[in-house]
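A.B. asks: just coords:
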């Protein structure tokens, strides 16, 4: 992981609230930022694992603390953290684009 490739990205955390009729309302609030190197996802193993979803996925390399189900804002698009692999010196995140 090269330090010169790291860029700052906004992280959002899920919050659950209820409305007047006690329905769950899911919202995402800003929770800080991370420094990460984000690259398009590719490779045979990842294609076998995620299938056609790989088109909407990226891989992020970071040393910062991130949790699953958080969102990372990449160039104005939200990506959900679906997998975190801890490699000791850094973490590898699989991010899937949130399509609304």
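C.D. replies: All right, it came through fine. No experiment lies behind these values; they were computed from the predicted model shown. Numbers count the residues shown, from 1 in each chain.
A.B. asks: which residues in the chain form strands?
C.D. replies: Applying DSSP state E to the chain gives strands spanning 7-18, 24-40, 57-62, 71-74, 77-86, 91-97.
A.B. asks: and the gap between the residue nearest to the spatial centre of the chain and residue 28?
C.D. replies: For the chain, the residue whose C-alpha lies nearest the mean C-alpha position (CA atoms, centre = their mean) is residue 81; its distance is 3.3 Å. Residue 81 is 12 Å from residue 28, where distance means CB to CB, to the nearest Å. (Each C-beta comes from the backbone N, C-alpha and C, glycine too.)
A.B. asks: which neighbours do those two have in common?
C.D. replies: residue 71 (CB atoms under 8 Å, 6 or more residues apart in numbering).
A.B. asks: rewinding a little: the strands of the chain: which one's closest to residue 47?
C.D. replies: Of all these, strand 57-62 sits nearest to residue 47, with 10.1 Å by CB to CB.
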